[in-house]
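Colleague: what would the 3D arrangement of this be:
(chains A and B)
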Amino acid sequence: MKLNKLNRPEKVKKKSYKITLILIFAFLIFITFIISMNTGVSTLTPMEVLNTILGQGTDFQNLILFEFRLPRIIISILVGAGLAVSGCILQGVTRNPLADPGLLGITIGAGLAVVLFVSFFPSNTPAPTLLLPFLALLGASLTGMVIYLLAYSKQDGLIPIRLILVGIAVSAGLGAILTVLSLRLNHNDYDMIAVWLVGRIWGSSWDFVLALIPWLVILLPYAFYKARILDAFGFGDKVATGFGISVEKERMKLLGIAIALAASCVSVSGGIAFVGLIGPHLARRLIGPQHKYLLPASALIGALMLILADTLGRAILQPTEIPAGIVVALIGAPYFLYMLAREV
Amino acid sequence: MLKKLKSEKESETERLISQPIYRRPRMAIFVLIIGMLVLIVGLMLSISVGAVNIPLRTVWDAIFHYNSNITEHGIIQEIRVPRALADILVGAGFAVAGAIMQGMTRNPMADSGILGINAGAIFMVAISFAFFPGLSYNWMMLLSFIGAAISLILVYGIGALSRKGMTPIRLVLAGSAISALFTALSEGVAIYTNLSQDIAFWFAGGTAGAKWNQLEIITPWILLGLICALLLSRSITILSLGDEIAKGLGQRMTIVRVLGALIVLILAGVSVSIAGPISFVGLVIPHIARLLVGVDYRWIIPCSAILGGILLTVADIGARMINAPFESPIGALIAILGVPFFLYVARKEGRNLS
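Modeller: I've put the predicted structure just below:
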């Protein structure tokens, strides 16, 4: 059997090392969280932030922190974790370290659904918050199904490389449709879509946090619960079947989780690519291929990436904000290229 | 021993090239002649169709008996004719750029759009739009060329650096990452400068804004690119047979590759600077040309030029008619045609590419 990158036996790392690493990431997220609370157009000193958190802030300070910054930071963390876990699952299932919900066209499928909604129900009726994740999920699932069907053939089964090529093609096609649709929008709606597409955390109110949390609360633990099956996939379909896993069924389930995670995240964050690619990849380098640790580590790295990107985006060119998606792409694309050159 | 091997290789090459199925000059001449005729008809149609439909007779008069007092003659001379000519030039440019890339890298999925070259060009153009609005068209074209070059160097640099060499799939992935990066950056520039929707139509690709002074600048470049492509076509054919064979035939591969890359940059960069990033022309047309005329790039390149011109002319007419009186972006239309084609190629080759 040909061993590829994912199931090449790697140096076994100690459990305590992995747990320490995970704790370090959690700590880094916490630090960035604090920094992010202090970053923004209206400057609040760290003391003011502290006072406000302790309940002694002015109305203005309360408004800034609790109504604008805090939900947005929480959204970044949730979305980063969700996208990274989604990417981790996709990479595990397809045995391809380059799989990513963005590259596979799932993100743009979700985007198209949102754009369709906006074109038919223009901005004067605010889109119902809770509906958006469902719409995005619908678009993403349809796209996922189309890509799966197109990449699957009876003789060869699912060839991971082909899955990615098909993903690129479908993204291009959906992107074209999206362009046609978005050019017909009025100026405000267009701006909203443009910002959505490049991935600015736009759903930054508590409503969106509440809309997102149930998805993650159900899907993330379920993904962690499937860690062993993902490990088995790493050995190839035949070995996995030998372990007593019904490969097709589990693959569908896992792809389903990955799509649902990506879709619900994308519906509030917009088209953020590369988090789902790089989070799991970094995690695998640091922590090894065991999904029991890999999934939580991916989630933490993804969360850290996005909260960092969002904070940087707010800090660099004040008062203009750079959408987090662009910051992520700026860091992510070179890393991806490096990966392509060195590893795969 | 080595000599014997070499001569065997040479005879193998000769066999490959001389086999009737691999080269179909009669078919190629047929394609060229019919293609020319179709192109002329397309040109006339393209001039007559639009927000105002103008009868072909008036078109004829406007071109050969121009009368500045007739509004329709003005529309034809100032808007329709440059646009139709731009379609042909840009179509030929993208198609031949794709043909060269496919031949040189033996990558069936090569296309200036898919490999991220268009995105690099458009990024530089977006920068010039946003930060140097008064820049002359010459400079914009140069910037577009530089952007294309940056992308090309990145994409091929990654292919060359990687341990397992420059496989088609790696090039496509590198291209899509570079596209993602430059598209994000261009969007960022557009949002930052509040020009989003103004630039967006142009991002979507189209020749609606083509003007005579732009045409005057791009025409020599495109023609130069096409002629150089023709001159290089024999070497490209040899490269397309594989490195081993090319080496065996004493082909100087590095020089051919560098020249080929330069031609691709000129053709794609110039085309993007006037029409925006139009993907898939360079993917689809060379495949069709190869199917029609065989594997000899001396025929594939001229046929690709003609067929590319036809595709873009037809797509442009379609873009004006589908949702009249609004214009749909040509780039999107061609993508909708091109994606199934890409899927077909990916499915067919997917097994061999990894």
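Colleague: how about the residues of the stretch 151-300 of chain A near chain B?
Modeller: With C-beta under 8 Å from any C-beta of the partner chain as the criterion, the stretch 151-300 of chain A meets chain B at residues A:151, A:153, A:156, A:159-162, A:164-166, A:168-170, A:172-173, A:175-177, A:179-180, A:182-184, A:187, A:190-191, A:194-195, A:197-198, A:273-274. To be clear about C-beta, it is placed using only N, CA and C from the backbone, and glycine gets the same treatment.
Colleague: the stretch 201-344 of chain A: helices as residue ranges?
Modeller: With DSSP state H, counting those that start in this stretch applied, the stretch 201-344 of chain A shows helices at A:206-225, A:227-233, A:237-242, A:247-269, A:275-287, A:291-315, A:324-342, listed in chain order.
Colleague: tell me the mean pLDDT over the fourth one?
Modeller: Spelled out, that is helix A:247-269. Within the predicted structure, the mean pLDDT of helix A:247-269 is 85.
Colleague: so for it, what gets flagged as buried?
Modeller: With burial defined by 16 or more other C-beta atoms under 10 Å in any protein chain shown, the residues of helix A:247-269 counted as buried are A:247, A:250-251, A:254-255, A:257-269.
Colleague: then the shortest one?
Modeller: When neighbours are counted by 16+ other C-beta under 10 Å, the buried residues of helix A:237-242 are found to be A:237, A:240.
Colleague: what's it packed up against?
Modeller: helix A:227-233, helix A:247-269 (3 or more C-beta pairs under 8 Å, 6 or more residues apart in numbering or on different chains; DSSP states H and E).
Colleague: and B:Ser68, which of the ones you listed is closest to it?
Modeller: Between B:Ser68 and those, the shortest gap by C-beta to C-beta is with helix A:247-269, which sits at 54.9 Å.
Colleague: if we can go back for a sec, pick out the shakiest of the helices of the stretch 201-344 of chain A, pLDDT-wise.
Modeller: Among the helices of the stretch 201-344 of chain A, helix A:237-242 scores lowest, with a mean of 78.
Colleague: wait, what's in contact with B:Gly134?
Modeller: Listed by C-beta atoms under 8 Å, 6 or more residues apart in numbering or on different chains, B:Gly134 has no contact partners.
Colleague: torsion angles phi and psi at it?
Modeller: For B:Gly134, the backbone dihedrals are phi -90, psi 10 (criterion: degrees, to the nearest 10).
Colleague: what's the spacing between it and chain A?
Modeller: 23 Å (C-beta to the nearest C-beta, to the nearest Å).
Colleague: what about dumping the CA coordinates of stretch A:238-255 to CSV?
Modeller: Output of stretch A:238-255 as CSV, limited to C-alpha atoms (Å, rounded to 0.1, in the frame of the first residue of the first chain):
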residue,chain,number,x,y,z
LYS,A,238,-9.8,-1.1,2.6
VAL,A,239,-8.2,-1.1,6.0
ALA,A,240,-11.0,1.0,7.4
THR,A,241,-13.5,-1.6,6.2
GLY,A,242,-11.3,-4.2,7.9
PHE,A,243,-11.8,-2.3,11.1
GLY,A,244,-15.5,-2.9,10.7
ILE,A,245,-16.4,0.5,9.5
SER,A,246,-19.0,0.9,6.8
VAL,A,247,-16.9,3.3,4.8
GLU,A,248,-19.5,4.9,2.4
LYS,A,249,-21.9,5.5,5.2
GLU,A,250,-19.4,7.1,7.6
ARG,A,251,-17.9,9.1,4.8
MET,A,252,-21.3,10.6,4.0
LYS,A,253,-21.9,11.4,7.7
LEU,A,254,-18.5,13.0,8.1
LEU,A,255,-18.9,15.0,4.9
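Colleague: before we move on, the earlier item: in strands only, show me the residues of the stretch 151-300 of chain A next to chain B.
Modeller: By the criterion of DSSP state E, membership of those in strands covers A:Ser153.
Colleague: buried ones among the residues of the stretch 151-300 of chain A next to chain B?
Modeller: For these, buried by 16+ other C-beta under 10 Å: A:151, A:159-162, A:164-166, A:168-170, A:172-173, A:175-177, A:179-180, A:182-183, A:190-191, A:194-195, A:197-198, A:273-274.
Colleague: which of those residues fall in helices?
Modeller: Using DSSP state H, the members of those that fall within helices are A:151, A:160-162, A:164-166, A:168-170, A:172-173, A:175-177, A:179-180, A:182-183, A:190-191, A:194-195, A:197-198.
Colleague: tell me the pLDDT of A:Asn4.
Modeller: The confidence metric pLDDT takes the value 48 at A:Asn4.
Colleague: can you tell me the centre-most residue of the chain?
Modeller: If you meant another chain, say so; for now it's chain A. Geometric centre of chain A, nearest residue: A:Leu83, 1.8 Å, by C-alpha atoms, centre = their mean.
Colleague: oops, wrong one, chain B.
Modeller: For chain B, the residue whose C-alpha lies nearest the mean C-alpha position (C-alpha atoms, centre = their mean) is B:Phe94; its distance is 0.6 Å.
Colleague: touching, that one and B:Ala268? I think so.
Modeller: Yes: counting by C-beta atoms under 8 Å, B:Ala268 is a contact partner of B:Phe94 at 6.7 Å.
Colleague: next up, phi/psi of residue 54, please.
Modeller: Just so you know, I chose chain A. Phi and psi for A:Leu54, reported as degrees, to the nearest 10, are phi -80, psi 0.
Colleague: my bad, chain B
Modeller: phi -120, psi 130.
Colleague: how near is it to A:Gln318?
Modeller: Between B:Ile54 and A:Gln318 the distance is 53 Å, computed by C-beta to C-beta, to the nearest Å.
Colleague: with A:Ala151 instead?
Modeller: With distances taken as C-beta to C-beta, A:Ala151 is found 44 Å from A:Gln318.
Colleague: now A:Met47
Modeller: Using C-beta to C-beta, one obtains 21 Å as the distance from A:Met47 to A:Gln318.
Colleague: so between those two, which is more surrounded?
Modeller: Here A:Met47 and A:Gln318 are compared on neighbour count by other C-beta atoms under 10 Å in any protein chain shown; more neighbours surround A:Gln318, at 11 against 8.
Colleague: so what's B:Ile274 up against?
Modeller: B:86, B:89-90, B:207, B:210, B:214-215, B:218.
Colleague: B:Ile122 too?
Modeller: Neighbouring residues of B:Ile122 by C-beta under 8 Å, 6+ apart: B:144, B:147, B:182-183, B:186, B:203, B:272, B:276-277.
Colleague: quick one: which of the residues you listed is most hemmed in?
Modeller: Comparing these by number of neighbours (other C-beta under 10 Å), B:Val272 comes first, having 30 neighbours.
Colleague: let's have the helices of the stretch 201-344 of chain A in CSV, adding distance to A:Gly40.
Modeller: As requested, those are exported to CSV (distance: least, C-beta to C-beta, whole Å):
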stretch, distance to A:Gly40
helix A:206-225, 17
helix A:227-233, 38
helix A:237-242, 48
helix A:247-269, 18
helix A:275-287, 22
helix A:291-315, 6
helix A:324-342, 14
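Colleague: residues touching the helix or strand encompassing B:His287, excluding its own?
Modeller: When secondary structure is defined using DSSP states H and E, the element that contains B:His287 is helix B:281-293. Helix B:281-293 is touched from outside by B:23-25, B:27-28, B:31, B:91, B:94-95, B:97-99, B:101-103, B:108-114, B:268, B:299-300, B:303-304, B:307-308, B:311-312, B:334, B:337-338, B:341-342, B:345, with contacts defined as C-beta under 8 Å, 6+ apart.
Colleague: what is the neighbour count of the nearest residue to B:Ala177 once chain neighbours are set aside?
Modeller: Among residues not flanking B:Ala177 along the chain, A:Phe336 sits closest, at 4.7 Å (C-beta to C-beta, 6 or more residues apart in numbering or on different chains). Burial measure for A:Phe336: 27 neighbouring residues, criterion other C-beta under 10 Å.
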